[in-house]
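Undergrad: Sequence unavailable; structure follows:
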């Protein structure tokens, strides 16, 4: 005998209000990346400042998707995965691309930026697989292990200040150095390394609201 037919998951019908906020998060991060690429390609900063604003808008959407998820009677089947994927775009890849765009393009810089993104991916994956354990049977996660990936918005704010003061490209704060005769390194990228290590730390525990 054939088993019961698998029910088709309707993408649009499965969306909840919270999911729409999450998609808004991903959309803001994606467009921010496009604006960075446009700035590199054309060198015009007429619209580049929007890239910074969009990442703060992404944070707004990220906060409110959780708010609506708690209020909604219908739980999203996509929610957790959708949220993680959106967060890695807006608070992982986009801030790294922003740093690259503003002048952190040395070989060592790119390695650190990649490390930051990988830490963000790892942190979100760990949260998803340990959420049940961290909830201690209550269904609600009580604390974060490691700093949440949206804290990278602090890096975005710092870069926004640097951009407003034209401390970019060759004028980046703390200058640049050629390490080991291999590639250039901008010390400013260390903020990404610190942020990445904070995200994957198992000793940092932050209460979840």
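TA: Received the coordinates, thanks. Everything quoted here is computed from the prediction, not taken from an experiment.
Undergrad: Next up, the contacts around the spatially most central residue of the chain.
TA: Closest to where the C-alpha atoms of the chain average out (CA atoms, centre = their mean) is residue 91, at 1.5 Å. Contact analysis of residue 91 by CB atoms under 8 Å, 6 or more residues apart in numbering lists 29, 55, 58-59, 62, 120, 149-153. For every residue, glycine as well, the C-beta is placed using N, CA and C.
Undergrad: likewise residue 128?
TA: Here residue 128 is in contact with 80-81, 84 (CB under 8 Å, 6+ apart).
Undergrad: with these in mind, which one is nearest to residue 33?
TA: For the contacts of residue 128, the minimum distance to residue 33 (CB to CB) is 17.6 Å, reached by residue 84.
Undergrad: Show me which positions of the strand or helix carrying residue 18 end up buried.
TA: Per DSSP states H and E, residue 18 falls inside helix 17-42. By neighbour count on 16 or more other CB atoms under 10 Å, the buried set for helix 17-42 is 17-19, 21-33, 35-36, 38-39.
Undergrad: Go ahead and build a ChimeraX selection from the buried members of the contacts of residue 128.
TA: Filtering the contacts of residue 128 down to the buried ones (16+ other CB under 10 Å) takes a single ChimeraX command:
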select :84
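Undergrad: Now go through the contacts of residue 128 and say which are in helices.
TA: Among the contacts of residue 128, the members found in helices (DSSP state H) are 80-81, 84.
Undergrad: Specify which member of the residues you listed is nearest to residue 95.
TA: Distances from residue 95 to these, taken by CB to CB, are shortest for residue 84, at 16.1 Å.
Undergrad: Just give the closest residue to the closest one, not the sequence neighbours.
TA: Leaving aside its chain neighbours, residue 84 sits nearest to residue 124 (4.3 Å; criterion: CB to CB, 6 or more residues apart in numbering).
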